[in-house]
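**Student:** Pasting the sequence and the predicted coordinates here, then a few questions.
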Amino acid sequence: MVRRQVRAGGGGHGGAANDPGRPPGADPGVRSAQGGGRPRHDARAGERPLPGVIFAKPPVRLRVHGRGGGGGLEPSAVSPTPFNAIGLDVGGTKVAAGLVTFPEARVRFHRTVPTGPQRGGAAVLAEVLRLAEDLLAGARAAGSTVDAIGLGLCELVSPAGCVLSAQSFDWRELPVRERFAALAPFVLEADVRAAARAEAAYGAGRGLRQFLYVTVGTGIASCLVLDGEPFVGTRGATGTLASVPWDHACERCGYLSGTSLEEFAGGPGLVRRLNQQRPGSARTGQEVLAAASAGDPPALQVVRTGAAALGSAVALLVNVLDPEAVIVGGGLGACDGPYWETLVPAIRQHIWSPVHRELPVLRAATGADAGVIGAAATAWVRIGRAQERAATSN
């Protein structure tokens, strides 16, 4: 996710893959999103182009139909032949990956490695490419094909699949799409939109025509989902819920903090605030949550004030967008304990109209696999539709 950048920001989500040290050819077992549930599709008529797709080889026909938002998933329109896509969830802290088989979203070969953003963009890109190559080799060794690669990135990503920001590391001038497309047809997406797509098709968003997805982890981001399709906006710079500094001066003393909501309520922000009160208390947001759940007073104060501030911001989006529901995911956002227990009432408290004050506020259901499934599903939808159009035109 994109953490604070000068008047800019981006999306992200929390989550982790399992078995980081397991060789890619050794399948530790498989998981299906929502018990192997199939994706829904209730989008409206009309189409728009699906940009950002690069093919490495002649396309193979795959029946994937979508209407309206350009990517809804419709099981009845999908070929019974499985479609395998590598999903890469590249965050500021870790990279999660897996081979996802559609239409059931069965995840195999789970891998996770540290991102190491301090090494620079080129080193991170090389690491992620090695991970994709390892998964590709492991899939082939197990007798599986790889039809596409989808990557969800913790930066702003344009509708055409270009990297627009460099808050965590800089990929803007690197041949990202070309390098991955040499392995398989490739799609690049913002990580928050990828995770929102997973929730729409396989998680708590199934059956909802429109919902607001909010993720809380290393950073905080949001995504509006309409008819199963994440809203991209004109430039792809959506989701910057918490990246802009608060510039409201205190009416009593005039103090101007310049702190963003992400720096106040995101994982690293919770750590910083607790360590300011009691140095050395925590290294991760999860440690802060654990201390708060155990009743530690300073940790409780940090967690509750952070969650309350986030609830106010989410309520503002509800007031503006009037979604059917709010779905909260990420490594911190969906956890049990004082963060969640404070967040939900804070959202309702700051919703202006009683008409939607009691809207459902739901935990994300795809869990740690959200980013991997969502990145792979984006590749499945976009590449499948491009292949369909190419086959139809021949």
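**Tutor:** Sure thing, it's come through. Not measured: the values here are computed from a predicted model.
**Student:** For the stretch 101-250 of the chain, just list every one of the strands.
**Tutor:** 106-114, 148-153, 186-190, 210-216, 220-226, 229-230 (DSSP state E, counting those that start in this stretch).
**Student:** For those strands, give me a markdown table that also has mean pLDDT and distance to Leu135.
**Tutor:** For glycine as for every other residue, the C-beta is placed from the backbone atoms N, C-alpha and C. Listed next are those as a markdown table, based on pLDDT from 0 to 100; distance: least, Cβ to Cβ, whole Å:
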| stretch | mean pLDDT | distance to Leu135 |
| --- | --- | --- |
| strand 106-114 | 93 | 6 |
| strand 148-153 | 97 | 9 |
| strand 186-190 | 97 | 13 |
| strand 210-216 | 96 | 24 |
| strand 220-226 | 95 | 26 |
| strand 229-230 | 96 | 24 |
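**Student:** With respect to Pro323, which of these lies nearest?
**Tutor:** strand 210-216 (4.3 Å; Cβ to Cβ).
**Student:** What residues does Ala370 make contact with?
**Tutor:** Ala370 sits next to His13, Gly15, Asp89, Ala194, Ala195, Ala198, Glu199, Gly203, Gly329, Ala364 when contact means Cβ atoms under 8 Å, 6 or more residues apart in numbering.
**Student:** if I look at the last one, how far off is Arg272?
**Tutor:** Spelled out, that is Ala364. Using Cβ to Cβ, to the nearest Å, Ala364 is found at 25 Å from Arg272.
**Student:** about what we covered before: nearest to Leu300, out of the strands of the stretch 101-250 of the chain?
**Tutor:** Per Cβ to Cβ, nearest to Leu300 of the strands of the stretch 101-250 of the chain: strand 210-216, 17.2 Å.
**Student:** the inter-axis angle of the closest one versus strand 220-226?
**Tutor:** 160 degrees (axes from the mean of the first three to the mean of the last three Cα atoms, to 10 degrees).
**Student:** Strand 210-216 pairs with which strands, and in what direction?
**Tutor:** Looking at strand 210-216 with DSSP bridges, its partner strands are strand 220-226 (antiparallel), strand 326-329 (parallel).
**Student:** returning to what we had before: who's more crowded, Ala364 and Arg272?
**Tutor:** Ala364 (25 against 16; other Cβ atoms under 10 Å).
**Student:** In TSV: the strands paired with strand 210-216, plus distance to Pro298 and mean neighbour count.
**Tutor:** What follows is the strands paired with strand 210-216, written out as TSV (distance: least, Cβ to Cβ, whole Å; neighbours: other Cβ atoms under 10 Å):
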stretch	distance to Pro298	mean neighbour count
strand 220-226	22	27
strand 326-329	24	28
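**Student:** Dump the ones you listed into TSV; add distance to Gly384 as well.
**Tutor:** Shown next, in TSV, are the strands paired with strand 210-216 (distance: least, Cβ to Cβ, whole Å):
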stretch	distance to Gly384
strand 220-226	19
strand 326-329	25
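**Student:** show me the contacts for Ala325.
**Tutor:** With Cβ under 8 Å, 6+ apart, Ala325 has these contacts: Ala204, Gly205, Leu208, Phe211, Leu212, Leu359, Pro360, Val361, Leu362.
**Student:** Make a PyMOL selection of the buried ones in these.
**Tutor:** The buried residues among those can be selected in PyMOL (16 or more other Cβ atoms under 10 Å) with this line:
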select buried, resi 204+205+208+211+212+359+361+362
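**Student:** and of the contacts of Ala325, the nearest to Pro245?
**Tutor:** Using Cβ to Cβ, these come closest to Pro245 at Leu212, 22.6 Å.
**Student:** The closest one pairs with what?
**Tutor:** Bridge pairing for Leu212 - DSSP bridges - gives Leu224, Val326.
**Student:** roughly how far apart are it and Gly239?
**Tutor:** Leu212 sits 11 Å away from Gly239, going by Cβ to Cβ.
**Student:** about what we covered before: got TSV for the contacts of Ala370, with distance to Val216 too?
**Tutor:** Shown next, in TSV, are the contacts of Ala370 (distance: Cβ to Cβ, whole Å):
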residue	distance to Val216
His13	8
Gly15	11
Asp89	16
Ala194	16
Ala195	12
Ala198	16
Glu199	14
Gly203	16
Gly329	8
Ala364	10
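**Student:** Good, wrapping up.
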